[in-house]
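Novice: give me a model of this one.
(2 chains)
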Amino acid sequence: MSPAVLTQEIGQEEPTLTEAAFTRLLTWLDDGADSEGERYLEVRRRLVAYFDRQNRPAPDALADHTLNRICKTLEKSGAIATKPPLRYCYVVARFVLLEDLRRERRHVRFDDVRHGNAVTSPASADGDDAAFIQERRLECLDRCLRKLKPEQQDLIVGYYGDARRQRIDRRRDLAARLGITMNALGIRAWRIRAALENCVGACCKDR
Amino acid sequence: MTIFIPRGLAQEDRQLVRYILGLLPDKDAERLDEQSIVDDEVAARLRSVENDLVDAYVCGTLDGEWLERFESWYLASPRRRDKVKFARQFLNAVDRLPTQAATAVTSLPRPVSRRQKFIWLASAAVLLLACGVLLRQDVRLRRGLLDAQHDGAALDRRERELAQQLGEQRVANDVLRKEVERLRTGQPLALVLRPQTRAAAPVSAIAVPPGLDVVAFELELEASDFSQYQVALKDPATTRIVWRSGVVTPVSSRRPPAVAVTVPASLLKPQHYSFELSGRTRGAAFDVVGSYAFQMEAR
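Specialist: Numbers count the residues shown, from 1 in each chain, chains lettered A, B, ... in the order given. As a prediction, this is how the structure comes out:
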């Protein structure tokens, strides 16, 4: 397969996966456990973050492309021997990254500013638009916060509240009060924050 | 460097901050690239450290090399800029939550646009108008309330009167009910008979309602000369004694005094009867002292 074909594949819309192929991917990612799709979502989040840290302009598309490629491999060969499954995901993601970098080198003009070194200014929309967008996001955040359970609100207040002061001791106290480790507390807090972030994103798209 | 992140931050976390800011050598960065996907713990820790880093930037507690790198590297990605925007709003919201967590999240402060200002002013005008209307309605309602209270007091009085009447009626009904019950259970009504005189007087006609077991009679006395009496019911046609009472004492509380007897109703046929009253003093023999005739009607 030539590099040109690969870059073209990444840029193009992915062929739709069959339900059977997607189910096989979910089963493979679960690796014996039944996460009801949670593992897939988690892996996708990690892949998006990975491509984003590499300053790729379309991290979501690259993450989807990685998972689609794994899906096709599973469909063709029936199984993937590499364990754990996430290690294989990383290997495929690295290939996808290299392919994307190669594609960029072929298409980006010499005098273009390199994305990774550029300080991109915040959204260039004019003042009114920016205010409108911000207003909409605040309304969405307001709405999403209302959906949280009281104990979730308490947790994020304890974990993220009053950020200017030392948080470490407060978090330690909070973890002790809840009878969980700091790591577990961090994961809980992150889940709530991520859910809020997703909720705000979805809300802004809908409105 | 006086920033939030480094204080109390473990060496591993400091390394994660450097990784997020693209400050690690390639070899270390690649190792963390892999771990950020493969290792659950590192992935979770990385997210947590990244959030704290963003929060520190938003709160202005980041400076020096890390601040410079944050702005030149981290903010290069639209997705990460979105994270910063979200963090700014999120932290603002979280800091408002403690006073609201027990109830509900109230609206968050937001910038005021001209359109909003107009809406607020219009809303205030409408509110003012509504207040005026409500004030008038309030006065009218208060007046109505006073009238209603006055009417209510009159109604209360009337209600009390009716309740009293009702109570009296209930007592009367109760008496009647007991009387009816007494009749139903066979307790006799007393039929008063006066002693026969020589003058031709109409004979008392008695109709006994069906269902009675006994018929009570009160035989009025001309004088209470005896302490004990006995009554015999006679059929005048045959002079046969149909029924005889035991020894009875006069009802002294009654005026005039009388002797009360109850006769089994089954003995009474539609015909003439007469009671023959005998009296005696204690220890003496009975003497006939009077006679009481009556006509028994068909039931």
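
Novice: CA atoms for contacts and neighbours, from now on please.
Specialist: Will do.

Novice: how about the secondary structure of residue A:139?
Specialist: For residue A:139, the assignment made with DSSP: H, G, I helix; E, B strand; the rest coil gives helix.

Novice: what's in contact with the longest helix belonging to chain A?
Specialist: Longest helix in chain A by number of residues, with DSSP state H as the criterion: helix A:182-206. In this structure, residues lying in contact with helix A:182-206 by CA atoms under 8 Å, 6 or more residues apart in numbering or on different chains are A:136-137, A:140-141, A:144-145, A:152, A:155-156, A:159, A:171-172, A:175, B:44-45, B:47-48, B:86.

Novice: what comes up buried for it?
Specialist: Within helix A:182-206, the residues that count as buried by 16 or more other CA atoms under 10 Å in any protein chain shown are A:182, A:185-190, A:192-193, A:196-197, A:199-201, A:203-204.

Novice: please enumerate the helices of chain B.
Specialist: Using DSSP H, the helices of chain B run over B:11-20, B:26-38, B:40-59, B:64-72, B:78-96, B:114-184.

Novice: tell me the mean pLDDT for the longest helix of chain A?
Specialist: Throughout helix A:182-206, pLDDT has a mean value of 86.

Novice: angle of it against helix B:78-96?
Specialist: Relative orientation of helix A:182-206 versus helix B:78-96 (axes from the mean of the first three to the mean of the last three CA atoms, to 10 degrees): 110 degrees.

Novice: off-centre distance for helix A:182-206?
Specialist: Relative to its parent chain, helix A:182-206 has a centroid offset of 11 Å by CA atoms, centre = their mean, to the nearest Å.

Novice: how close does the closest residue to residue A:141 other than its chain neighbours get to residue A:193?
Specialist: Closest residue to residue A:141 apart from its sequence neighbours, by CA to CA, 6 or more residues apart in numbering or on different chains: residue A:200 at 5.5 Å. Per CA to CA, to the nearest Å, residue A:200 is found 10 Å from residue A:193.

Novice: one more: residue A:37?
Specialist: For residue A:37 relative to residue A:193 (CA to CA), the value is 20 Å.

Novice: pop the domain breakdown of chain A in here.
Specialist: Listed by automatic domain parsing, the domain ranges of chain A are A:15-119, A:121-207.

Novice: comparing those, which yields the minimum mean pLDDT?
Specialist: When the domains of chain A are compared on average pLDDT, domain A:121-207 comes out lowest at a mean of 80.

Novice: compute the number of surrounding residues for residue B:86.
Specialist: Counted with other CA atoms under 10 Å in any protein chain shown, the neighbours of residue B:86 add up to 24.

Novice: okay, it: pLDDT?
Specialist: pLDDT for residue B:86: 89.

Novice: give the contact list for it.
Specialist: With contact taken as CA under 8 Å, 6+ apart, residue B:86 is in contact with residue A:197.

Novice: can you do 7 Å?
Specialist: Contacts for residue B:86 (CA atoms under 7 Å, 6 or more residues apart in numbering or on different chains) come out as none.

Novice: from chain B, how far off is residue A:205?
Specialist: From residue A:205 across to chain B, the span is 14 Å (CA to the nearest CA, to the nearest Å).

Novice: bridged to residue B:248, which residues?
Specialist: With DSSP bridges as the criterion, residue B:248 is bridged to residue B:229.

Novice: so it touches residue B:227, yeah?
Specialist: No: using CA atoms under 7 Å, residue B:248 is not in contact with residue B:227; the gap is 8.5 Å.

Novice: roughly how far does the closest residue in space to residue B:246 that isn't next to it in sequence sit from residue B:13?
Specialist: Using CA to CA, 6+ apart and skipping the chain neighbours, the partner closest in space to residue B:246 is residue B:230 (6.0 Å). Using CA to CA, residue B:230 is found at 123 Å from residue B:13.
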